[in-house]
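S.K.: Sequence first, predicted coordinates after that:
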Amino acid sequence: MLTDELKKGSAEFLILSLLDAEPRHGYDLQKLIESRSKGVLTFHVATLYPLLYRMEDRGWIAGRWVEKAGERRRRFYRLTAPGRAVLAAQRDSWREFVTAINRVSGVRYA
Amino acid sequence: MHDWRADVRARLSSAELHPQHEAGIVEEVAQHLEAQFAELAPKLGEAEARERLLAQLRDRAFDDAVIGRRQRARARHRTVWSSGSVLRDIRYGFRSLGRSPGVVAAGVAALALGISVTTVMFSVIYGLLIKGLPFAEPERIAMIYRADPTEQGQEDLIPFADFVRYRAEQRSFSAFGAYEQATVNVSGGDRPDRLSIARFTAGAFDVTGVRALIGRTLVPLDESPSAAPTAVIGYAMWRDRFGRDSSVINKSLRVNGEPYTIVGVMPEGFGFPRQQAMWLPLRLDTAGLRPGEGRPVTLVARLKAGVAYARANTELSTIAHRLAMEPGDSTAIRDYAQPFIRATMPARVYSLLYAMLGAVFMVLLVACANVANLLLDRAANRTREIGIRVALGASRLAVVRQSLVESGILALLAAIVGTGLAQGGIIAFNRAMIALEADRPFWLDVRLHVPVLLFVLAIAVVASIASGLLPAIHSARLDINSILKDESHAVSSLRVGRASRAIVVAEIALSSAMLLAAGFMTKSITRIRRVEPRFSFENVFTARVSLASADTVRQARFFEAVERDLAALTGIEGVYLGNDFPGTGWRGDRVAIEGQVYARPRDYPITRWLAVSPGFFRTFSVPVLRGRAITAADRAGTTPVALVNEAFVRRHLAKVDPIGKRILIGDPKKEKWLTIVGVIPTLYALGMVAGGGDRFPPEVITAYWQQGQTASASIALRGAASVANATSVRKVVAALDPDVPIYSVAAMDDVLYQPTWPLRLFGTMFVIFGIISLVLAAIGLYAVMAFSVSRRVREMGIRMALGASAGSVVRLICRQGAKQIVVGMALGLLVGAGLVRMVRILLFEVQPSDPSVFGIVASVLGAAAFVACIIPAVRATRVDPSVALRSD
C-alpha cells in the first residue's frame, strides 16, 4: 500500500490522466483507478469527491449533469484547457522524477 | 432499498450549504454509494456492505468537499449584484407591484405626503439659512458684533471710531465696511415715500462684491462730509419711481427734504443688508473721536481667501486689546466675526426651523412605517412565493434585494409625486411670505433648488430603505421547509405580526408627538382671536406720518392741521393722533409716584404708557370710568395731565383717591410731573407674540399735544372704509406738505394681529403636519389590526365555536391594540413635550406644559386608534365558525 501522502500527491495526476481520454463520472473514476492499479490505489466517496470538487474549483476540470435516454442523470467531469496544461506539466515532471529515482536507486523498469 | 440520499443529507446538514449545492452533492454522492453498494452487497452481504460505505461517508476527509462547495457558494453571491440581475429585479418589481395597485396607491400616497412636507420644510431652511447671500462666495461675508461684557449673550453694535481703527489695522479681510439702517422720507416725483434705507461706507459695497446695474456704487470720496450728497437706488425704486429710465444717473432726489444726486442703480434682488430700497453714504466725521466713541454701526467684512473665521477673530481680539489699552475705553472688548446670515438671523429662528424639520421627519417616518407595514403584509402573503424562489436557488441576499427594489420603486414614485406636492406647498409658503414685505430678508429664495432636489432623492433612498428593510429581513429569514409544508402560514404571520406591531408602536409614538405640537399650535391660534383687547378696533384705519423737519413748532402746527382737516371730512367719526397705537404700541418706562421714595433706579416700578390726542376715546371707544378724559384744552403750556388704568390704581394707588395724584414717567431729571385726571379700564397692552409678560399691565395715557417732540404721529380714523382710508389721509397730508409721505397703512385689525404671522404661518404648517401624521398612523394601525385579525380567522372561529361571545372576541382584539396604543402614546407624548419646548416661541397664551392639550391630543389619538381597532374586531365577530374552520 502506498502512503497517504504519496497517494494525495499522485491522485490529482491520476484523475487528470483518466479524464484526458474522455469525460467520466465519479464512480467510473474510482473503478478505473482501482482496476488499473490492481487494487494498490483505492478511493472512496469521502476521499474522491473532495478532490474532484477542489479540482473543479481550480478550474482544471468541469462537472456537468448529463442525461442519457433511459438513464438517470449523472455528473460527468471533463478536462478543461487549464487542466490539460496542468496535466502536461505534471507528466513532464513525473517523468523526470521517475528517471531520477531510477538512476539513484538502480531499480529497473519492470 | 436503502435511502442513501438521506444519509448524505444528514452528513451535510451541519454545513448549512446553499440549498442548490446541497442538492447537487446529495444526488451525486448518493448515486455513487448506490452503485458501490450494488457491487459490494453480493460479495460482503448487505449489512456488511452498508456498514462499510457508511463508515466511508463518515470519514473526516469528506468535510473538505463541503468546505470547497461553501466557498464556491459564497463566490457566486458576488454576481447577485450584476446589472442584469438588478434590472431583472426591477422589471419583476414593477410586474409584481402592478398586480397590487392598492398597495402601490396607498404606499405612494403615504410616502409622497411625507416626502412633500419634508421637502417644503427643507427648501425653506435651504432658502433662508443654508443657501447664503446671493453673492460670490457668500460664506466669506462676515458680520462683526461686539459681545456685551456685562450682559451675557447680548450683542452690540460697534462705535464708529473703533470701526475706523479696525479698518486700518486688520489684515484678515479683503473688504471692510460699516452701515446703519434707517427709514427716510423720499420725495421728488409724483408722490413721497417712506423707505427703508441703509447708510453705507464704500467698503460695505465691496463686501458684497456686487456691481451697480447702471452707474456706480459708493466710493470713499462720497463719505467725506464736504462731498455733494449722493445716492444709489434699488431696482424696485428705479422701476417704480423712474420707469426704468436709463438716464436716471445724475438726476436729483429729495431725501428728508435734502437733495441727493443719484449715482447708481443696483441690480434686481439686491437689498443688502435686509430689504433696503436705497443706499446713502455713511458720512461721519472721525476727527477728534477717541476709541469707543462715535455712532454705533454694524460692521461687515469679506474674509480673504484661505483665512478662517478663527484666525480673523484672533486678529480682531488683538486689535480690540490695543483699543482697550488706550485712554477713553476701560472695559475689555470682545468683538467677533460670524458668517453674515448666522449672525443676523436670531438663534430662535434656527431652533424653530430645525425643530420643524425634525417634526416633518417624524411625519416621513410615520409614512415609512405605513409602507413598511404594507410591504410586510405583502411579504406575509407571498411567503410561499419567496419560499419557492429560495428553494429554486435564490440566495437570501437576492430575496432581500428584491424586497428593497420594490420599496425603492415605491419611494421613487413617491418622490416624483411628493416633489409636485412640495411645489404646491412652496407656492403657498411664498404667497404667505409676501405679507411680510419689509421684514422679509432679501436673500430668502424658497424654490426647488438643485440641492433641494438632491435632498428629495436622498430622503427617497432613506425612505425606501427604512420601509423596505424590515420586510426584506423578514423574507430572508423565512424557513423554506416550514413554509412549503405549512398551509396556514401560521409561523410566518406570527412573526410578521410581531414586527408590524412594533412598527405601529413607533408610528403612534411619532404621530402623537406631532399631534401634540399641532395641538399646541391650534390652541395658540384659537387664542389669538379670543383675545378681548377691551377697546374697539373694527372700522378703524391707521397710518403713520413722519416729518423730516426737526423744528418742533413746525411739527406741532403741521400735525394740528392734520387732525383738524381729517376731522372735517364727512363720515369720519373719530380722529386719533398719538405716539403709537393701543394694543401693540405701548411703551414701557419707569414711573415715580409722588410721595414715594426710590433709593435706586431699579426700585422704580415699570408702567406702560401711550401719548394720545383727545380723539383717542372716541376712535377706540374707550370709556372714562372716573374723572375726565384728555381734552383739546390739554396742550403745550398747560398743566401736564395723565389718565391711569384700573390695574395701575390697584397696584399703586389702591388706598387713596387717584384723581389729583401726581406721577412722573421716565427720568426724574428730565421729565415733568403729570397730574392724574381720570381712570380708564385696563386695555390689552402687548403685541400678540409668544412669550410671557402681563398682557393687562398698569398703564398710563398722557396728552399727545403736551409732549415736546412730535416728529412723527400714528394716525387712526374711525369711519366707513369709503372715507377712512389711505386716499383721504394722503390727500389731507399732501395738501399741507407734498413732500411728506404716509406709510404703514393698515386696518387696526391688522396692526393688532400682524405680529402673529409666524404663529399663523408656522403654526398652520404644524397643524397640517399633525393631521397628516394622525391620518397615516390611524390607517397604519387599522391595517395592522385588520391584517392580524384576518390571519386569526381560524382562531376566532374556534373560539366562537367553543362558545366565546362576540364581546369577548372584540375585547381580545382591542386589548392587543390597546397595549400598542398606550406604549406608543406614552413615548410620543414625551418626545412631543420636548418638541413643543423647542418651538415655544410660537406659543401664544399657552404654556408648553398645558395639561388640557395633552389630554385632548391623547383622546383624539385614542379615539382614532380605537376606531382603527374596533372595525376589524367587529368584523372578526361576524366570522361564521364553519367557514373559518375550513379556511386556509
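M.R.: Structure's in. What do you need? Residues are numbered from 1 along each chain as shown, chains lettered A, B, ... in the order given.
S.K.: Stretch B:180-198: how far from the chain's middle?
M.R.: Relative to its parent chain, stretch B:180-198 has a centroid offset of 33 Å by C-alpha atoms, centre = their mean, to the nearest Å.
S.K.: ok, residues contacting that stretch?
M.R.: B:179, B:199, B:204, B:237, B:241-242, B:252-257, B:272-280, B:282, B:295-298, B:438, B:544, B:546-548, B:730, B:734, B:738-744 (C-beta atoms under 8 Å, 6 or more residues apart in numbering or on different chains). All C-beta atoms are positioned from the backbone trio N, CA, C, and that covers glycine.
S.K.: how about it: buried residues?
M.R.: For stretch B:180-198, a neighbour-count test (16 or more other C-beta atoms under 10 Å in any protein chain shown) marks B:E180, B:V184, B:N185, B:V186, B:S187, B:P192, B:D193, B:R194, B:L195, B:S196, B:I197, B:A198 as buried.
S.K.: Return the closest of these with respect to chain A.
M.R.: Closest approach to chain A among those (C-beta to the nearest C-beta): B:A198, at 77.9 Å.
S.K.: State which helix of the chain is the longest.
M.R.: You didn't say which chain, so I picked chain A. In chain A, with assignment by DSSP state H, the single longest helix is helix A:81-105.
S.K.: looking at chain B here, not the other one
M.R.: Per DSSP H, chain B has its longest helix at helix B:490-530.
S.K.: Where does the stretch 701-850 of chain B get nearest to chain A, which residue?
M.R.: Here the residue of the stretch 701-850 of chain B nearest chain A is B:R791; by C-beta to the nearest C-beta that distance is 41.2 Å.
S.K.: Can you get me a residue count around that residue?
M.R.: B:R791: 19 surrounding residues under other C-beta atoms under 10 Å in any protein chain shown.
S.K.: interface residues of chain A facing chain B?
M.R.: Residues of chain A found near chain B (C-beta under 8 Å from any C-beta of the partner chain) are A:26-27, A:30, A:44-50, A:53-54, A:57, A:72, A:74-75.
S.K.: Now rank those by neighbours and give me the top one.
M.R.: Counting by other C-beta under 10 Å, top hit in those: A:V45 with 26 neighbours.
S.K.: Just to be sure, B:R254 is in a helix?
M.R.: No - using DSSP: H, G, I helix; E, B strand; the rest coil, the assignment for B:R254 is strand, not a helix.
S.K.: And for it, the neighbour number?
M.R.: B:R254: 17 neighbours (other C-beta under 10 Å).
S.K.: which of the residues in stretch A:68-85 are buried?
M.R.: A:R74, A:R75, A:F76, A:Y77, A:L79, A:T80, A:G83.
S.K.: typo on my end, it should be stretch B:734-753
M.R.: B:737, B:739-744, B:746-748, B:751-753.
S.K.: Could you tell me which residues of the stretch 751-888 of chain B lie near chain A?
M.R.: Residues of the stretch 751-888 of chain B lying near chain A by C-beta under 8 Å from any C-beta: none.
S.K.: so where do the strands sit in the stretch 401-550 of chain B?
M.R.: In the stretch 401-550 of chain B, the strands defined using DSSP state E, counting those that start in this stretch lie at B:540-546.
S.K.: ugh, wrong one, I meant chain A
M.R.: Applying DSSP state E to chain A gives strands spanning A:24-25, A:61-66, A:74-79.
S.K.: lowest average confidence, helix or strand, in chain A?
M.R.: helix A:4-21 (a mean of 78; mean pLDDT, DSSP states H and E).
S.K.: Please report how far the residue nearest to B:L717 when sequence neighbours are not counted lies from B:A747.
M.R.: Leaving aside its sequence neighbours, B:L717 sits nearest to B:A724 (C-beta to C-beta, 6 or more residues apart in numbering or on different chains; 4.0 Å). Relative to B:A747, B:A724 is positioned 9 Å away (C-beta to C-beta, to the nearest Å).
S.K.: Mutual contacts of the two, please.
M.R.: B:V540, B:F541.
S.K.: how many neighbours does residue 105 have?
M.R.: You didn't say which chain, so I picked chain A. A:S105 - counted by other C-beta under 10 Å - has 8 other residues nearby.
S.K.: not quite, I wanted chain B
M.R.: B:A105: 11 surrounding residues under other C-beta under 10 Å.
S.K.: The one 4 residues further on now?
M.R.: Counted with other C-beta under 10 Å, residues neighbouring B:A109 total 18.
S.K.: For it, what is the enclosing helix or strand?
M.R.: Following DSSP states H and E, one finds B:A109 within helix B:101-125.
S.K.: strands paired with the following helix or strand past that helix, and their directions?
M.R.: Downstream of helix B:101-125, the first helix or strand assigned by DSSP H and E is strand B:141-147. Sheet partners assigned to strand B:141-147 using DSSP bridges are listed as strand B:155-156 (antiparallel), strand B:296-303 (antiparallel), strand B:334-339 (antiparallel).
S.K.: in stretch B:284-302, what's buried?
M.R.: B:L284, B:L289, B:P291, B:G292, B:G294, B:V297, B:T298, B:L299, B:V300, B:A301, B:R302.
S.K.: so which of those comes closest to chain A?
M.R.: Closest to chain A, out of all of those and judged by C-beta to the nearest C-beta, is B:R302, at 65.5 Å.
S.K.: is it true that that closest one touches B:G203?
M.R.: No - counting by C-beta atoms under 8 Å, B:R302 does not reach B:G203; the two are 9.1 Å apart.
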